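Novice: just coords:
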């Protein structure tokens, strides 16, 4: 059983047993009266706050707060989601998470997923976050279609859920396996030479929904992820928005297995995992290490990536030849997802 998580600003926080079909089921109360407080001048505040139900989920080390909206709901908070994300993602004074995922109605899919980072910035896409949302939406009762389609600022993605594998239980890793077919990788740049800190690094970059710089290393444990990652994240080559930075080591015993550490833009630090980063590392590895493609890409290839948190994410894809170039397409990210808890927090936080 997942232990109860405590959060000073959340109410009704409970471990996941029977997850709700909708966040609406957890709280029908749209507003909570704020406690009466007396300031220096003796004034009494009767300001009301809004109750916001959430579900917390984890995808291979990345934890997210999922909030579901609907037409007219949370209308007063339209411009406040960046501030809300900064507050509730704070691990010391909030609930704690790698991001806030806001689900809104979509005419193109099951939902529109907006991604707010802990610093309040809005990202175009989040691979592990999307996998968590796929698991959340797939659990709704009377759902007939097993495939979930999400609209994101980085493109349309679709996903589906598979039962956990026996070897995952044997290794103590539970959780359903969630597959996510991602948007096609774009803006591939190989053979980059980047001057930083008095030296030149060889790297490559790709956009897998958000931009990533992939740096190959021989000793992943010796890398100063925070220091070097911060310099590369804001490097002039990637201005004005910057980039995520992935340090990648190829397993000497199996060339299809990688190890990765990621400095995430928006988190502004190292995270235990990053889905789009795993995809970026695998794509660059395929283009630089997989030799000759099979022409039409009839054979799927697979790369396993071990994250900082010790979890394994897999990326399967097709490597095809288009003219003089090799291209990676039909990209599917796969890994476990777990439900953690659900509850509600009030905004403003009290």
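Specialist: Perfect, thanks for sending it. Keep in mind the model is a prediction, meaning the values are calculated, not measured. Numbering: from 1, shown residues only.
Novice: Please count neighbours and contacts with C-alpha atoms only from this point.
Specialist: OK.
Novice: What segments of the stretch 151-300 of the chain are helices?
Specialist: With DSSP state H, counting those that start in this stretch, the ranges of helices along the stretch 151-300 of the chain come out as 166-170, 225-233, 275-289.
Novice: The longest one - contacts with which helices or strands?
Specialist: The contact analysis (3 or more Cα pairs under 8 Å, 6 or more residues apart in numbering; DSSP states H and E) places helix 275-289 against helix 127-138, strand 199-207, strand 211-216, strand 244-250, strand 257-264, strand 300-306, strand 312-322, strand 325-347.
Novice: follow-up on the earlier one: with distance to residue 211 as extra columns, can I get the helices of the stretch 151-300 of the chain in JSON lines?
Specialist: Below are these laid out as JSON lines (distance: least, Cα to Cα, whole Å):
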{"stretch": "helix 166-170", "distance to residue 211": "31"}
{"stretch": "helix 225-233", "distance to residue 211": "10"}
{"stretch": "helix 275-289", "distance to residue 211": "9"}
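Novice: that older thread, Serialize the helices and strands packed on helix 275-289 to JSON lines and add fields for distance to residue 103, mean neighbour count and mean pLDDT.
Specialist: Formatted as JSON lines, the helices and strands packed on helix 275-289 follow (distance: least, Cα to Cα, whole Å; neighbours: other Cα atoms under 10 Å; pLDDT from 0 to 100):
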{"stretch": "helix 127-138", "distance to residue 103": "9", "mean neighbour count": "26", "mean pLDDT": "96"}
{"stretch": "strand 199-207", "distance to residue 103": "23", "mean neighbour count": "18", "mean pLDDT": "95"}
{"stretch": "strand 211-216", "distance to residue 103": "23", "mean neighbour count": "25", "mean pLDDT": "97"}
{"stretch": "strand 244-250", "distance to residue 103": "24", "mean neighbour count": "25", "mean pLDDT": "97"}
{"stretch": "strand 257-264", "distance to residue 103": "22", "mean neighbour count": "24", "mean pLDDT": "96"}
{"stretch": "strand 300-306", "distance to residue 103": "28", "mean neighbour count": "19", "mean pLDDT": "93"}
{"stretch": "strand 312-322", "distance to residue 103": "24", "mean neighbour count": "20", "mean pLDDT": "89"}
{"stretch": "strand 325-347", "distance to residue 103": "16", "mean neighbour count": "21", "mean pLDDT": "92"}
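Novice: Serialize these to TSV and add fields for distance to residue 281.
Specialist: As requested, the helices and strands packed on helix 275-289 are exported to TSV (distance: least, Cα to Cα, whole Å):
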stretch	distance to residue 281
helix 127-138	13
strand 199-207	9
strand 211-216	6
strand 244-250	7
strand 257-264	8
strand 300-306	8
strand 312-322	10
strand 325-347	12
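Novice: Mind checking those for the one nearest to residue 68?
Specialist: When the helices and strands packed on helix 275-289 are ranked by distance to residue 68, counting by Cα to Cα, first place goes to helix 127-138 at 10.2 Å.
Novice: what angle do the closest one and strand 312-322 make?
Specialist: Inter-element angle recorded for helix 127-138 and strand 312-322: 110 degrees (by axes from the mean of the first three to the mean of the last three Cα atoms, to 10 degrees).
Novice: okay, the helices of the stretch 151-300 of the chain in TSV with mean neighbour count, distance to residue 56 and mean pLDDT next?
Specialist: Below are the helices of the stretch 151-300 of the chain laid out as TSV (neighbours: other Cα atoms under 10 Å; distance: least, Cα to Cα, whole Å; pLDDT from 0 to 100):
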stretch	mean neighbour count	distance to residue 56	mean pLDDT
helix 166-170	11	22	58
helix 225-233	18	26	96
helix 275-289	24	17	94
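Novice: Of those helices, which is nearest residue 50?
Specialist: helix 275-289 (31.9 Å).
Novice: any idea how far that closest one is from the chain center?
Specialist: Distance of helix 275-289 from its chain centroid, counting by Cα atoms, centre = their mean, to the nearest Å, is 16 Å.
Novice: Fine by me, thanks again.
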